[in-house]
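K.L.:
structure, please.
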Amino acid sequence: MAVLKHRIFNADRFIDKFAEHEAVLAAHLARWPTLVCPDPLTTESFKEYLKAPPPNDSAFEDMVDGLYQAYDFCNKQGHELLNEAIELNQLELPGLHDASKEVLALRLQIEDPSTFALACDMLFASQVDKFVTYKGSSPRQIQDVAPPLALFRAKLGEYFATRKGSDKIVIKHFTDGTAHNFIVYHERRVTAELEIKQQGTTTTLTSRKYRPVRQDFIAYYGDTGRLEIETPIQKERDLMRVAFATSFFNDEAFFSGTNSEVAINLEKLREPGFAFSADDGHYVTLKELTFKLPQLHSPSFSVRSRDAFSTLAMNQMTQAVAGAEIKSAVISISFARGTRAKRVTLTHTNSLSFSRATHVTEVFAYLRRWQLLVD
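P.N.:
Okay, here's the model as predicted:
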């Protein structure tokens, strides 16, 4: 996840969706009593209001940032996550499911901040695409997350204070099925940009309100004792692994024992007769295989193909692969014909890469079925 690339806030298109829903804009403004609502409040008068920000007004900055947070959900995936958060919290508010994603996001932020915060955490977690996984010494449930989470936050704060000169991090926690998910937000930030296009002219405002740009992701599965960490810096990943083990299980070596870093069995791919079994309507193909032969000069080969297994067979390389060391593999999984396939990259013994926006549970289930993921 490392660094997030925020979209420019296309405020004109966003605000246009509130035609006949101006009361939601009024309710949003009312959260800051010092702000003066345009009279009459229309989508056009609200755009003009945004184009003339009061100087050094923190309330205005917070109000605009709230709009930007709602705008983050204005795509298909964001809309789905909003509804998932609503379902998880069993929230019932009149008209929520009939509203556009723009109106839904802002209403949820105003009327149920905790559910909106859950949706934000789920949105950030869905952007994780590369992580390292470790096996714990045994499956162990977390009964009460609050005390160890506070200790974990303190330990990471101390570390980053020494390493980076600042302990300003925030850790958010939410559960998803059997997973405890943790998002570590760092101090490093970027400013938000708001763009309004009217009558052929574009107005761009740079807000003093900052938006987090660096964050790390951690997931722990109590039923298997497996830990996943996504951060671009190995030293920080090792620190998080030890700090998590100490804080939650009072055992520094919980994720550092024998074979703890062996969670992926790539050698399975070289077994004679290996094939991807898949459910009806699902399609799986090996797209890339990198391997090293036990020969003089240690030659390595990378085969990229629409079907790497078939390509290896056609070129009489299957037998060579059977005696090779598999370095990495890319597997394509389509969950319906005609839809975009999900690419899953497996590297070394514990590194995985795929988009967690959708089908996370199914991907892990397949990796276990094929015995490529070892808990």
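K.L.:
wait, residue 281 sits on residue 338?
P.N.:
No. The criterion here is CB atoms under 8 Å, and residue 281 misses it with residue 338 at 10.9 Å. Glycine gets a C-beta too; all of them are placed from N, C-alpha and C.
K.L.:
who touches the lengthiest helix in the chain?
P.N.:
Longest helix in the chain, counting residues (DSSP state H): helix 146-164. Residues outside helix 146-164 that contact it (CB atoms under 8 Å, 6 or more residues apart in numbering) are 142, 166-167, 169, 171, 173, 182, 184, 186, 236, 239-240, 243-244, 246-248.
K.L.:
for stretch 245-255, same thing?
P.N.:
Residues from elsewhere that reach stretch 245-255 (CB under 8 Å, 6+ apart): 134-137, 140, 142, 148-149, 151-152, 155, 220, 227, 241-242, 244, 256.
K.L.:
is there a quick PyMOL command that grabs whichever of those residues are buried?
P.N.:
For the buried members of the contacts of stretch 245-255, the matching PyMOL selection, counting by 16 or more other CB atoms under 10 Å, is:
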select buried, resi 134+135+136+137+140+148+149+152+155+220+227+241+242+244+256
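K.L.:
now, which of the contacts of stretch 245-255 lie within strands?
P.N.:
Counted as lying in strands by DSSP state E, out of the contacts of stretch 245-255, are 134-135, 220, 227.
K.L.:
could you identify the most distant pair in those residues?
P.N.:
135 and 220 (11.7 Å; CB to CB).
K.L.:
now do the shared contacts for those two.
P.N.:
By CB under 8 Å, 6+ apart, residue 135 and residue 220 have these common neighbours: residue 226.
K.L.:
A strand includes residue 14, no?
P.N.:
No. Remark: residue 14 does not belong to a strand; assigned using DSSP: H, G, I helix; E, B strand; the rest coil, it is helix.
K.L.:
that one against residue 66, yeah?
P.N.:
No. Using CB under 8 Å, residue 14 is not in contact with residue 66, being 11.9 Å away.
K.L.:
let me know the pLDDT of residue 195.
P.N.:
Note for residue 195: predicted pLDDT of 69.
K.L.:
re earlier: who's more crowded, residue 281 and residue 338?
P.N.:
Neighbour totals were compared for residue 281 and residue 338, and residue 281 leads with 9 against 5 (other CB atoms under 10 Å).
K.L.:
for the closest residue to residue 122 other than its chain neighbours, give me phi and psi.
P.N.:
The shortest distance from residue 122 to any non-neighbouring residue, by CB to CB, 6 or more residues apart in numbering, is to residue 81 (4.9 Å). When read as degrees, to the nearest 10, the backbone of residue 81 gives phi -70, psi -40.
K.L.:
same thing with residue 46?
P.N.:
When read as degrees, to the nearest 10, the backbone of residue 46 gives phi -70, psi -40.
K.L.:
report the helix or strand with the lowest average pLDDT across this structure.
P.N.:
The least trusted helix or strand in the chain, going by mean pLDDT, DSSP states H and E, turns out to be strand 201-212, with a mean of 60.
K.L.:
and stretch 262-276, what's its mean pLDDT?
P.N.:
92.
K.L.:
right, I mislabeled it, should have said stretch 355-373
P.N.:
What stretch 355-373 shows for mean pLDDT is 89.
K.L.:
any buried residues in it, and which?
P.N.:
Residues of stretch 355-373 classed as buried by neighbour count (16+ other CB under 10 Å): 355-357, 359-360, 363-364, 366-367, 370, 372-373.
K.L.:
re the thing from before, among the contacts of helix 146-164, which are in helices?
P.N.:
Short answer: the contacts of helix 146-164 in helices (DSSP H) are 236, 239-240, 243-244, 246-248.
K.L.:
burial measure for residue 267, as a count.
P.N.:
So residue 267, with other CB under 10 Å, has 12 neighbours.
K.L.:
quick check: nearest residue in space to it, chain neighbours excluded?
P.N.:
Per CB to CB, 6+ apart, closest to residue 267 is residue 326, 5.9 Å.
K.L.:
helix, strand, or coil at the residue with the largest distance to the centre of the chain?
P.N.:
For the chain, the largest distance from the centre (CA atoms, centre = their mean) belongs to residue 296, which lies 42.9 Å off. Classification of residue 296 by three-state DSSP places it in coil.
K.L.:
distance of it relative to residue 322?
P.N.:
Between residue 296 and residue 322 the computed distance is 19 Å (CB to CB, to the nearest Å).
K.L.:
kindly report the same for residue 309.
P.N.:
12 Å.
K.L.:
same question, residue 177
P.N.:
Taken as CB to CB, the span from residue 177 to residue 322 is 37 Å.
K.L.:
for the protein, what spans make up the helices?
P.N.:
Counting by DSSP H, the chain has these helices, from start to end: 11-16, 22-29, 43-51, 58-71, 76-88, 101-111, 113-126, 146-164, 234-249, 308-314, 318-322, 360-369.
K.L.:
just the CA trace of the shortest one, in CSV.
P.N.:
Only the C-alpha atoms of helix 318-322 are listed here, as CSV (Å, rounded to 0.1, in the frame of the first residue of the first chain):
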residue,chain,number,x,y,z
THR,A,318,7.9,-30.0,-18.3
GLN,A,319,10.5,-32.6,-17.2
ALA,A,320,13.1,-29.8,-16.6
VAL,A,321,10.7,-28.0,-14.4
ALA,A,322,10.1,-31.1,-12.4
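K.L.:
quick one: distance of that helix to the chain centre.
P.N.:
Centroid separation for helix 318-322 versus its chain: 37 Å, with CA atoms, centre = their mean, to the nearest Å.
K.L.:
who's in contact with that helix?
P.N.:
Here helix 318-322 makes contact (CB under 8 Å, 6+ apart) with 269-272, 289, 291, 293, 312.
K.L.:
got the contact list for the nearest residue to residue 274 once chain neighbours are set aside?
P.N.:
Of all residues not flanking residue 274 in the chain, residue 268 sits nearest, at 6.4 Å (CB to CB, 6+ apart). The neighbourhood of residue 268, defined by CB under 8 Å, 6+ apart, consists of 274, 370-372.
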